[in-house]
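Asker: Sharing a model prediction with you, sequence too.
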Amino acid sequence: MFKRLKVAGGSGLAFAVLLSLAALYLKPEAATAAQAERQIQIPPARRNHPVLITKITLGDVVVQSGRVIKAVGVAPDPMTPFQADDDWVQNLTLYLFNRTNQTIVHLTVNFSFPETGDGRTVLRRGYMLNLGRVPPPAAFDRNGKPLRQRPESQPIWFRPGQELAIRLGDYIDQIKTNVQPTMPLAALTQLNVDLISAFFADGMQWWPGGFRVPDPQTFTWRRMGADYFPGNMDRKWPGHPWNDQR
């Protein structure tokens, strides 16, 4: 396979050179990539959550299925570690499902990296993604002032029964800017994904504490009851609703 080498210093040195060349040319392709064990943490969805994380893919491979709290005392499906290269974050896609009967126009999703801080004394680095536009009835801050939004932002029109795909590669520059002052993105092995807020077309908002509706006249919010849900709360629940007929 290899040409015979003539190396000064004897046949032993020549043999060593041959072994080095063989190792170079026969090195497995997989070993050339920086593979490491990674894990994505997503909270289990509850029965009154309007949006579900159905899956997260790395390229075309599902690396994390959605998690739901099916019943009291029944643990949600566990997270599964997976092997991935240094560019794993930019190749992730998050899939969301709207299980309500109303259109969502704005979503806030937080992507954070636990290895960059403890979340208490040292804040975790990450990226807060705001998709869409907060509707006029709810576009005010805690002081009653108009909410500052980018002029070019438009509603996402995430309709009932639809699935929305968020590709992290579309935001990789922003993620790197926020994270890499602390640690190189390639060195991180854990990612947390959290749904922070959803605004509906009529101004209603969901956040982990429940649903609330705005009063634009007083710039206050009225919290809905604990059993409130925009639609049928039992539709596509329990189990994995994204596998049912839509």
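Answerer: Nice, thanks for sending it over. In this text, all values refer to a predicted model and were calculated from it rather than measured experimentally.
Asker: By mean pLDDT, point me to the weakest helix or strand of this protein.
Answerer: Using mean pLDDT, DSSP states H and E, helix 11-25 stands out as the lowest-scoring helix or strand of the chain, at a mean of 45.
Asker: Whatever helix or strand comes next after that helix pairs with which strands, parallel or anti?
Answerer: Downstream of helix 11-25, the first helix or strand assigned by DSSP states H and E is strand 36-41. Within its sheet, strand 36-41 is paired with strand 82-84 (antiparallel), strand 190-200 (parallel), according to DSSP bridges.
Asker: care to break this protein down by domain?
Answerer: Here the domain parsing of the chain from automatic domain parsing is 1-32, 35-243.
Asker: helix or strand for V62, which one?
Answerer: strand 61-65.
Asker: Each with direction, which strands does that strand pair with?
Answerer: strand 51-58 (antiparallel).
Asker: Just the helices from this protein, written as ranges.
Answerer: Remark: helices assigned in the chain by DSSP state H are 11-25, 172-179.
Asker: comparing the domains of the chain, which gets the lowest mean pLDDT score?
Answerer: Across the domains of the chain, domain 1-32 has the smallest mean pLDDT, namely a mean of 43.
Asker: what's the spacing between P135 and L94?
Answerer: 23 Å (CB to CB, to the nearest Å). C-betas here are computed from N, CA, C, even on glycine.
Asker: what do you get for A226?
Answerer: Distance from A226 to L94, by CB to CB: 28 Å.
Asker: what about the two, which has more around it?
Answerer: Of the pair A226 and L94, L94 is the one with more neighbours under other CB atoms under 10 Å, namely 22 against 9.
Asker: The residue nearest to the more buried one when sequence neighbours are not counted: neighbouring residues, count only.
Answerer: Spatial nearest neighbour of L94, excluding adjacent residues (CB to CB, 6 or more residues apart in numbering): I166 at 4.4 Å. Residues lying near I166 (other CB under 10 Å) number 19.
Asker: so what's I166 up against?
Answerer: 93-96, 109, 129, 131 (CB atoms under 8 Å, 6 or more residues apart in numbering).
Asker: at 10 Å instead, please
Answerer: Counting by CB atoms under 10 Å, 6 or more residues apart in numbering, I166 touches 53, 56, 92-96, 107, 109, 111, 129, 131, 193.
Asker: now the strands for this protein?
Answerer: For the chain, strands defined by DSSP state E occupy the ranges 36-41, 51-58, 61-65, 82-84, 92-98, 104-113, 125-132, 163-167, 190-200, 205-207, 210-215, 220-223.
Asker: mind checking which of those is nearest F140?
Answerer: Nearest to F140 among the strands of the chain is strand 210-215 (7.5 Å), distances taken as CB to CB.
Asker: Within its sheet, name the partner strands of that closest one and how each one runs.
Answerer: strand 205-207 (antiparallel), strand 220-223 (antiparallel).
Asker: Can you name the residues in contact with it?
Answerer: 48, 50, 100, 134-140, 198-200, 202-206, 220-230.
Asker: list the buried ones in that strand?
Answerer: By 16 or more other CB atoms under 10 Å, the buried positions in strand 210-215 come out as 211-214.
Asker: Looking at the contacts of I166, spot the one nearest T121.
Answerer: F111 (21.1 Å).
Asker: In contact with that closest one, which residues?
Answerer: F111 is in contact with 40, 89, 92, 94, 125-129, 166, 168, 171, 174-175, 178-179, 191-194, counting by CB under 10 Å, 6+ apart.
Asker: Please name the nearest non-neighbouring residue to the spatially most central residue of the chain.
Answerer: Per CA atoms, centre = their mean, the C-alpha nearest to the average position across the chain is that of V193, at 4.4 Å. Nearest residue to V193 in three dimensions, chain neighbours excluded: I42, at 4.9 Å (CB to CB, 6+ apart).
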